[in-house]
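**Student:** This is a predicted model, with the sequence first.
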Amino acid sequence: MDEDFRKAALDYHRLPRPGKLSVEATKRMATQRDLALAYSPGVAAACEAIAENPQCAYEMTTRGNMVAVITNGTAVLGLGAIGALASKPVMEGKAVLFKKFAAIDSIDLEVDELDPARFVEAVAALEPSFGAINLEDIKAPECFEIEQSLRQRMKIPVFHDDQHGTAIIVAAAVRNGLLLQGKNLAEARIVTSGAGAAALACLDLLVAMGARAENITVTDIKGVVYAGRTELMDPYKARYARETEARTLAEVLDGADVFLGLSAPRVLKAEWLPRLAPRPLVLALANPEPEILPEAVRAARPDAIVATGRSDYPNQVNNVLCFPFIFRGALDAGATTINEAMKVAAVEALARLARIEASEVVAAAYGGQAPVFGPDYIIPKPFDPRLILEIAPSVARAAMESGVATRPVADFNAYRETLERFVYRSGDLMRPMIHAARKAPKRVVYSEGEDERVLRAVQSVLDDDIAEPVLIGRRGVIQAKVKAMGLRMDLAESVRLLDPAEDEAVFGPLVEVYRAKVGRRGVPPDTAERAVRLRPTVAAALLLEAGQVDAAIVGGQGEWMRHWHQAYDVIGKKETANRVYAMTGVILPAGTLFFVDTHLLVDPTAEQVAEMTLLAAEQVRAFGLHPRVALLSHSSFGASQAPSARKMREALQLIRAAAPDLEVDGEMHADAALVPAIRERAVHDSPLTDSANLLVMPNLDSANIAYNLVKAAADGLQLGPLLLGMRKPIHVLVPSVTARGIANLTAVASTQA
Ligand SMILES: NC(=O)C1=CN([C@@H]2O[C@H](COP(=O)(O)OP(=O)(O)OC[C@H]3O[C@@H](n4cnc5c(N)ncnc54)[C@H](OP(=O)(O)O)[C@@H]3O)[C@@H](O)[C@H]2O)C=CC1
Ligand SMILES: CC(=O)C(=O)O
Ligand SMILES: [Mg+2]
């Protein structure tokens with residue numbers, strides 16, 4: 001670690017407030033009544049319910065989602081026995097990872113107790129507080145005894161992360177690494193540096209998965225663990241003691257297919273690397289400094305696949321890839337333990353994930369480069385949102401099948417959806433639409449078929465079965481990108497590719513359609529021909545117009561307005577609408593707010609405000625939401641006579657006349673729209689039954705500013721803009737759109753088709 005990085009790490013821990021963790025309340029505690037419910041006397045009801053039926057603790061307290069990270073500070077990373085207090089930053093970090101990656105509430109407990117029996121007593125007594133226990137950084141051999149005693153005594157999962165979390169990820173990495181190197185586990189010769197908690201658990205799992213004990217040689221601080229050795233031996237290590245004359249790590253490296261380092265910094269010397277077998281795996285996993293640096297391995301053995309425990313090199317083999325998700329699955333199934341079947345399920349899910357393409361979120365988190373299965377990507381990366389979606393259900397299912405689940409998952413599709421809600425914030429809002437789209441998948445054309453975000457979106461559209469995608473672009477480029485990105489779509493089978501340079505039979509007739517549309521609007525025939533060939537938005541709109549597709553997603557590159565004009569020129573507005581408007585959703589932790597008109601009309605009239613409101617309310621209903629509309633203004637319920645305030649009052653009358661059942665009110669301040677109590681102070685007869693979810697703005701500036709402001713200030717997720725009032729379903733992407741955003745718009749467009 002260089003000095004700059006060390007200083008940055010210290011500042012990170014110090015500022016803006018000490019540490020990495022805080023506790024937050026999950027219930028409102030704002031009124032006298034809240035206090036009475038949460039505390040005395042109301043709390044007594046919950047206590048009595050639990051006293052009568054202990055299972056109620058899972059319904060009424062945090063227990064079911066609460067994991068303790070517990071250590072005695074005796075093997076803290078590779079820093080050794082630095083003590084309970086000094087281990088606290090690591091344990092706080094593990095607790096944060098539980099929260100960040102799996103929405104598990106977690107607290108670190110550093111127990112200053114070296115005696116295993118007394119440590120066990122301290123931990124066992126905590127059972128009522130937690131849904132599971134994650135033991136961390138406790139040295140071998142005491143960790144084996146501690147874990148075993150606690151597992152016997154406690155009826156909740158007890159899992160020593162350095163043993164089993166590490167073993168699971170190492171097993172996945174070894175499985176995939178050997179596959180790439182063309183080797184198999186039963187034949188592989190494995191040499192470890194380290195005979196502690198992590199190394200021995202890894203070996204046990206590898207043996208359970210098919211590695212042969214006679215192919216394994218273990219070394220530790222005293223060298224080879226050989227039969228008859230007495231110094232620094234314990235029964236756990238002794239299981240792997242070998243009949244051999246060799247005494248040093250260097251000597252046993254000859255012909256090794258796998259070097260597994262779970263020991264200490266720099267113990268593997270570059271000059272020993274030539275001894276390894278051809279195409280070896282070098283897993284140098286000591287933290288923070290590995291047994292050897294990857295650059296040294298690459299220089300000496302370009303045929304090796306290298307992994308470390310760190311985030312700053314490819315192939316991070318670290319238990320963070322496992323523990324949040326295995327606990328998620330265990331807690332959700334109410335597992336009483338984490339058993340072998342659950343561990344193997346986690347290994348299989350992890351290994352499989354690396355072999356299918358990585359998601360956009362992973363690409364974004366790692367500098368825009370989407371990793372592809374290969375020597376520098378043998379296991380998934382920690383920011384991969386699919387980890388929770390794949391590992392947790394596999395583990396829950398294994399818990400059920402092996403008979404340790406007390407709260408079996410009844411419906412795995414529904415369970416996956418709850419996990420998706422955590423990963424993709426748009427999940428809740430989009431679900432009804434995705435279900436609807438899936439019922440009758442429509443043909444959706446994407447004008448920018450070469451855009452990587454579009455390709456990723458199309459992969460998830462295919463996975464979710466919500467549309468039949470049609471891509472416009474150069475066939476060769478799309479094929480190459482799909483391959484390079486490791487996407488699984490079958491371009492011959494499930495996607496229709498349309499190349500303007502090759503598919504004359506499709507594009508030729510579109511030119512005629514376009515000429516007929518725009519020939520009398522100042523577009524000469526040659527220009528029309530070029531527009532169809534060179535402007536994919538025009539071509540996509542024409543395909544929609546000609547009925548060759550059911551919906552279109554265009555733009556995403558360059559100016560939004562330019563694409564909008566091109567789309568509008570071809571498709572035009574509905575006969576029943578006077579104008580087209582744009583509505584944008586911002587998905588926030590508390591729900592979604594829709595804003596209208598965010599992109600098109602600079603200064604709408606009262607009639608146009610009324611029309612956009614009615615169209616927007618209809619679109620909000622299509623998301624399965626009940627629209628509650630606020631007409632916003634600087635004026636509060638008639639306070640101002642300014643033209644914009646009068647306009648909104650007039651619009652309200654028009655809306656009420658056209659849609660008497662719609663919950664709508666105005667003109668009002670934005671806070672009155674969102675906070676019923678503030679609204680109540682201004683008027684007592686508002687028909688709005690709760691916070692408004694559709695905010696209608698007096699002009700383009702306020703709508704555009706408002707949605708961007710809310711999105712940026714509250715870390716919201718944008719949905720849209722959605723075009724309201726178009727004759728056929730077509731939407732124009734903003735340049736900042738993500739693949740998930742494109743997939744969401746595809747579902748919207750499909751359901752409109
Ligand atoms: N990447 C990952 O996900 C993980 C990495 N680790 C790393 O693995 C290492 C060990 O952790 P853990 O098993 O929990 O700790 P333990 O204390 O249980 O085991 C440490 C082992 O390393 C051996 N060792 C120590 N120094 C040397 C040395 N200089 N040369 C050879 N062997 C040595 C010890 O030998 P002896 O038995 O003789 O004392 C012991 O066998 C740490 O660096 C830790 O950061 C651990 C868990 C997960
Ligand atoms: C990653 C981890 O748990 C360790 O190094 O101890
Ligand atoms: Mg650890």
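**Tutor:** Cool, the structure landed. Numbers count the residues shown, from 1 in each chain. Ligands and ions are numbered 1, 2, ... in the order given.
**Student:** what about residue 113, how many neighbours?
**Tutor:** Residue 113: 16 surrounding residues under other C-beta atoms under 10 Å. Bear in mind the C-beta positions are built from the backbone N, C-alpha and C, glycine included.
**Student:** Now do the phi/psi pair for it.
**Tutor:** phi -150, psi 110 (degrees, to the nearest 10).
**Student:** Could you check the pLDDT of the nearest residue in space to residue 568 that is not next to it in sequence?
**Tutor:** Of all residues not flanking residue 568 in the chain, residue 580 sits nearest, at 6.7 Å (C-beta to C-beta, 6 or more residues apart in numbering). With respect to pLDDT, residue 580 has a value of 95.
**Student:** if I look at residue 580, how far off is ligand 2?
**Tutor:** 54 Å (C-beta to the nearest ligand atom, to the nearest Å).
**Student:** List the residues that contact that residue.
**Tutor:** 568, 573, 600, 723-726 (C-beta atoms under 8 Å, 6 or more residues apart in numbering).
**Student:** Just the ones in strands from these, please.
**Tutor:** Using DSSP state E, the subset of these located in strands is 723-724.
**Student:** In the contacts of residue 580, find the pair that's most separated.
**Tutor:** 568 and 724 (12.7 Å; C-beta to C-beta).
**Student:** Residue 745 contacts residue 553, doesn't it?
**Tutor:** Yes. Counting by C-beta atoms under 8 Å, residue 745 does reach residue 553; the two are 5.8 Å apart.
**Student:** what's the offset of the host helix or strand of residue 463 from the middle of its chain?
**Tutor:** Here residue 463 sits within helix 452-464, counting by DSSP states H and E. Counting by C-alpha atoms, centre = their mean, to the nearest Å, helix 452-464 is centred 16 Å from the centre of its parent chain.
**Student:** One more: stretch 417-437?
**Tutor:** 13 Å.
**Student:** average model confidence for it?
**Tutor:** So the average pLDDT for stretch 417-437 ends up being 77.
**Student:** tell me how far the ends of that stretch are from each other?
**Tutor:** Using C-alpha to C-alpha, to the nearest Å, the end-to-end distance of stretch 417-437 comes to 16 Å.
**Student:** picking that back up, just the contacts of residue 580 now: which is nearest residue 219?
**Tutor:** Looking across these and measuring by C-beta to C-beta, the closest to residue 219 is residue 723, at 66.2 Å.
**Student:** ok, that closest one touching residue 730?
**Tutor:** Yes. Residue 723 is within contact range of residue 730, at 6.6 Å (criterion: C-beta under 8 Å).
**Student:** burial count for the residue in the stretch 551-700 of the chain that ligand 3 sits nearest to?
**Tutor:** Using C-beta to the ion, the closest approach of the stretch 551-700 of the chain to ligand 3 is made by residue 589 at 31.3 Å. When neighbours are counted by other C-beta under 10 Å, residue 589 registers 8.
**Student:** Going by distance to residue 689, which of the contacts of residue 580 wins?
**Tutor:** residue 724 (24.0 Å).
**Student:** Find the nearest non-adjacent residue to that closest one, please.
**Tutor:** Nearest to residue 724 is residue 615, by C-beta to C-beta, 6+ apart, at 4.0 Å.
**Student:** Next: residue 650.
**Tutor:** residue 606 is the one closest to residue 650 (C-beta to C-beta, 6+ apart), at 3.8 Å.
**Student:** residues in contact with that neighbour?
**Tutor:** With contacts defined as C-beta under 8 Å, 6+ apart, residue 606 is in contact with 647-648, 650-651, 654.
**Student:** can we see that at 10 Å?
**Tutor:** 646-655, 698 (C-beta atoms under 10 Å, 6 or more residues apart in numbering).
**Student:** returning to what we had before: mind checking which of residue 745 and residue 553 has more residues around it?
**Tutor:** residue 553 (30 against 24).
**Student:** Just the C-alphas of the helix or strand encompassing that one, formatted as CSV.
**Tutor:** Per DSSP H and E: residue 553 is located in strand 551-555. C-alpha atoms of strand 551-555 as CSV (Å, rounded to 0.1, in the frame of the first residue of the first chain):
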residue,chain,number,x,y,z
ALA,A,551,-43.1,-0.7,-31.3
ALA,A,552,-39.9,1.3,-31.6
ILE,A,553,-37.1,2.4,-29.3
VAL,A,554,-35.0,5.1,-30.9
GLY,A,555,-32.2,7.5,-30.1
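**Student:** The stretch 1-150 of the chain against ligand 1: which residues are in contact?
**Tutor:** 75, 77-78, 139-140 (C-beta under 6 Å from any ligand atom).
**Student:** what two of those residues are the furthest from one another?
**Tutor:** For those, the maximum inter-member distance is 14.5 Å, found between 77 and 140 (C-beta to C-beta).
**Student:** out of the two, which sits in the busier spot?
**Tutor:** residue 140 (24 against 16).
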